[in-house]
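Asker: Sequence first, then the predicted structure:
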Amino acid sequence: MAQLEWTTGTIVAASIIAVLAAMGVVMFVLWRRQSKQTLQAQQKAKQAEDQLAFDTVTHQNVVKENELLLGRLQDENQKLNEALEQLDSQQQEAANQLKQREMEMGSRIQDLQQQLAQKLGTETHEAPQLAALLQETEKQKKTIKSLEEELEDAQDELDELSKRNKKASTELHELKDKYSESEAALSQSLKETAALQDKLREQTEALQIKMESLSFVQEILSAPESHDEQAAARYSRIEALQNLVEGDMKEAVKSTFGTLDDEAQRLMGSELTKWVVTQKKSWLAGKTAVAFVGQFSAGKTSIVNRILSQDDPTVPRLPVRTGATTAIATYITGGEHTEYRYFSHDNRLRALEADVFNKVTKELLDQVGSVRNLIKYFVMTYDNRYLENLSILDTPGFDSGDKEDHNRTLEVINECDALFWVIDVQSGTINRSSIELIKEHLHKPLYIVINKIDTVASIEVEQVENQLRETFEREGFAVAGYIRFCANEEIAPLSDIMTPIQSITRSEETSDYLRRLQRRMKEYLEELESQQAKKYATYQRATNDYNDAQEEFNKAYSTLAGNCEWAANIINASWTTHFRIAGIIGPSDKYELSRNNGETLKDLIINSIADANLKRIRENYEETTNASKMIQRTFTELMESQKRTGMIRKALADLKKQINLLKEEEN
C-alpha cells in the first residue's frame, strides 16, 4: 500500500513536472520568438532613427542655405532700395537745385536785359558795366548747361540703377519661388519625419509592452508558493484526509469488493480532488462568496466599495486601480494585511508583488495570451472587518469573444454562492450571448443590479426593469431578485444590496461531500456486516452439521463396538475344553459353536459388522469429513469477512477522526 501511495504521488509529481516543463518550453519558444521580433523591431527602429537623423540634418542644411541666400538677397535688395532712394533723393535735389538755378538765372537774365535796355536807351558811358553783365550772363549760361549735363548723367545713372533694381527684383522673386518650393519640400519632409517619429514611437511603445510582457511572464513563472502557517496546518489536515481516502480507504474497498463502483469512483476520484481544491481555498472556506459581473463602466467598483466600507468613511476603499478593466477574475477577501496572490491551474497558490499585480492589463494579456493558461484567478486580501464572512469575486464578464475566457469565468463563478449582474441603467440591456451562457452553465442564484439609477428619471428606471424582466421571462430564466442601486446612499440605502447578500445560503457542497463519503462507507460496512452475519450463520450450520455427523458417527461406532463385543461374547462362549487320558490321543480344545450361535455370529459379522456397521461408519465419516471441510471453509470465509469488515470499519473510523481534526482546525 505504501508502494502504491508512493507510485501515485510519483506519477502526480511527474505529471506536474511534465506540465511545468512543457509550459517552460512553450514560454522559452515564446521568449525566443519575442526576442527575435524585438531585435527586428529594434533594428527597424534604429534604421528609421538613422534615416530620420540624416533627413533632419539634410533638411536643416537646406533650410540654413535657403535662409542664408534669402538673407543675402534681402540685404542686397535693401541696399539697392537704399541706393535707389538715395539716387532719387539726389536726383530730386539736383532737379530742384537746377530749377532753382534756372529760375534764379532767368530772373537774373531778365533783370540784366531790363538793365541792358535801360542802359542802351539812356546812358552810353556805362558800356563797360554792360559788358561785365554780358560776361556774367554767359558764365551763368555755361553753369546752366553744366548742370543740365550733370542732370542728364544723373538720369542715365538713375536708369542704370533702375535696370539693376529690376534685375535684382526678378532674381528676388525667383529666389522667393525657390524658397517657397524648398519650404514646401521641407514641410513635406517634416510631415514624413513626424510620421516616422509616430511610427517609431508606436514601435517603441509596442516594444516596451512586449518587454514588459516577457518580464511579467518571467515573474509569474518564478512566483513562489504562498506560505502561511495557519493555511499550512489546514493543508496538512486536508492532505492527510486525502491520503487516507486515496490510500487505505480505496485499497480497503478494492480489496473487499474487487473494484470501485461508479459512486465510489467519483467520491474517491474527481469529487475528492474538487473537495481538496475547494478546502484549500481559505478565501472560500466558511464564507459566503458572491460574484459581480458587468460591462466596463457599469459601476461594479463603486458597488463593491460600498459593500466593503458599509458607507463608513473610516474604512479603506478597495486598493486597486478603479480605471482599469478586470482582465482576470479576482477574489477580494479579508486578511491581516494587503497581499496579492494568484491561483494556478495546477491548484497552487503563488505570491505576487503589488507592482506585478498592477501590471495586469488587457493590453498586456493580449500580448501574452498564454499567461491566462497559468493564472486561473487572482486572490487579493486586505484588512477589512466586513470581509470576515464574505468573499467578493470581480470578473471580466462575457464582453470578449474568447470562448476560453468565457469558460474560465463560468468555472470561477460556479465556485460562488450567487451571481450579481450589474447593468448600467443608461444602457439598460444585456446581450443575448451572455444570457445563453448563464442559462446553460450557471447553476447558482442570479440577481440583476440596475446601477446608477440616480442618473435618470425614476420612470426610466421602471421601464428598464420591466424590459429586463420581460427578457428573462421570455428566455425562461429564473432571476432571484432585481436590485435598484447607485453610489448615492440617500437614494439607494446599502441595505438594498446587503439584504439579498445576507439572505444567500452558503453552499454546503464541501460538507455534503464528506457526508456522502461517510454514508457510502457506512453502506459498505453494513453490506459487509450483513455478509459477515451470513458467513457466521453458514459457519454455525456447518458446525451443527459436523456435530450431527460426529454424533451419528459415534452412534455407528458404538453400534459397531456393541456388535463386535456381542460377536466376541459368542465366540468366547463357544470355547470348549476336552479332557484327555494320558497316552491316549484325544480331541484338542477348540471353539465349538452351536448351529444357532454360528448362524447368529455369521449374521452378526457378515450383515451387521461387515456390512451395515461399516457402511454406516463410512457414510458418517464422509459426512463428518465434509462437515469438517465446510467448517474450515466457512471459518476461513468468516475470518476473511471479519478482516475486510475490520478494514472498512477502521477506514471509516480513521475518516471520522480526520474529519473531526479538520473541524477542530477550522474552529
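Answerer: Yep, it's here. These numbers were taken from a predicted model, which means no experiment stands behind them.
Asker: Now the phi/psi pair for residue 394, please.
Answerer: Backbone torsions of residue 394, given as degrees, to the nearest 10, read phi -100, psi 120.
Asker: for it, what are its contacts?
Answerer: Residue 394 sits next to 292, 300, 301, 304, 326, 329, 330, 332 when contact means C-beta atoms under 8 Å, 6 or more residues apart in numbering. Glycine gets a C-beta too; all of them are placed from N, C-alpha and C.
Asker: same thing with residue 550?
Answerer: Residue 550 neighbours (C-beta under 8 Å, 6+ apart): 624, 627.
Asker: about what we covered before: in helices, which of the contacts of residue 394 appear?
Answerer: 300, 301, 304 (DSSP state H).
Asker: pLDDT at residue 538, what is it?
Answerer: Here, the pLDDT recorded for residue 538 equals 90.
Asker: Counting neighbours, what do you get for it?
Answerer: 17 (other C-beta atoms under 10 Å).
Asker: Would you quantify the distance from residue 598 to residue 162?
Answerer: 193 Å (C-beta to C-beta, to the nearest Å).
Asker: again, but for residue 280
Answerer: Taking C-beta to C-beta, one finds residue 280 at 102 Å from residue 162.
Asker: Over to residue 243?
Answerer: Residue 243 is 114 Å from residue 162, by C-beta to C-beta.
Asker: Kindly report the same for residue 563.
Answerer: 180 Å.
Asker: hang on, the earlier thing: which of the contacts of residue 394 has the weakest pLDDT?
Answerer: For those, the pLDDT minimum is residue 326, 60.
Asker: still on that earlier bit, comparing residue 280 and residue 162, which shows the higher neighbour count?
Answerer: residue 280 (18 against 13).
Asker: Show the contacting residues for the more buried one.
Answerer: So residue 280 contacts 231, 234, 235, 238, 347, 349 (C-beta under 8 Å, 6+ apart).
Asker: Likewise for residue 220?
Answerer: 342, 352, 356, 371, 374, 375.
Asker: pretty sure residue 392 belongs to a strand, no?
Answerer: Yes. Checked against DSSP: H, G, I helix; E, B strand; the rest coil, residue 392 lies within a strand.
Asker: just checking, it touches residue 292?
Answerer: Yes. Checked against C-beta atoms under 8 Å, the pair residue 392 and residue 292 is within contact range at 6.7 Å.
Asker: Farthest-apart pair in the contacts of residue 280, please.
Answerer: 234 and 347 (14.6 Å; C-beta to C-beta).
Asker: Neighbour count: these two, which is higher?
Answerer: Higher neighbour count among residue 234 and residue 347: residue 234, with 18 against 14, using other C-beta under 10 Å.
Asker: For that one, give its distance to residue 224.
Answerer: According to C-beta to C-beta, residue 234 stands 19 Å off from residue 224.
Asker: go on, residue 505?
Answerer: 37 Å.
Asker: and what of residue 471?
Answerer: 47 Å.
Asker: Which of those two has more residues huddled nearby?
Answerer: Ranked by neighbour count (other C-beta under 10 Å), residue 471 and residue 224 place residue 471 first, with 16 against 8.
Asker: next one: the helix or strand containing that one to chain centre, how far?
Answerer: Secondary-structure element containing residue 471, defined by DSSP states H and E: helix 458-474. Chain-centre distance of helix 458-474: 33 Å, with C-alpha atoms, centre = their mean, to the nearest Å.
Asker: From the contact counts, what lies against it?
Answerer: Counting contacts by 3 or more C-beta pairs under 8 Å, 6 or more residues apart in numbering; DSSP states H and E, helix 458-474 is packed against strand 446-451, strand 481-484.
Asker: Quick check: which of those has the most neighbours on average?
Answerer: Ranked by average neighbour count under the criterion mean count of other C-beta atoms under 10 Å, the helices and strands packed on helix 458-474 are headed by strand 446-451 at a mean of 21.
Asker: partners of that one, with directions?
Answerer: strand 418-424 (parallel), strand 481-484 (parallel) (DSSP bridges).
Asker: For the very next helix or strand once past the last one, buried residues please.
Answerer: If you walk from strand 481-484 toward the C-terminus, the next helix or strand you reach (DSSP H and E) is helix 495-503. Under the neighbour-count criterion of 16 or more other C-beta atoms under 10 Å, helix 495-503 has 497, 500, 501 buried.
Asker: a markdown table for the ones in helices among the contacts of residue 394, including distance to residue 643?
Answerer: Output for the ones in helices among the contacts of residue 394, formatted as a markdown table (distance: C-beta to C-beta, whole Å):
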| residue | distance to residue 643 |
| --- | --- |
| 300 | 60 |
| 301 | 62 |
| 304 | 58 |
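Asker: and those as TSV, adding distance to residue 75 and neighbour count?
Answerer: As requested, the ones in helices among the contacts of residue 394 are exported to TSV (distance: C-beta to C-beta, whole Å; neighbours: other C-beta atoms under 10 Å):
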residue	distance to residue 75	neighbour count
300	71	23
301	68	22
304	73	22
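Asker: now, among these, which is nearest to residue 461?
Answerer: Scanning those for proximity to residue 461, where the rule is C-beta to C-beta, the winner is residue 300, at 18.5 Å.
Asker: Would you confirm that that closest one contacts residue 294?
Answerer: Yes. With contact taken as C-beta under 8 Å, residue 300 and residue 294 are classed as touching, separated by 5.1 Å.
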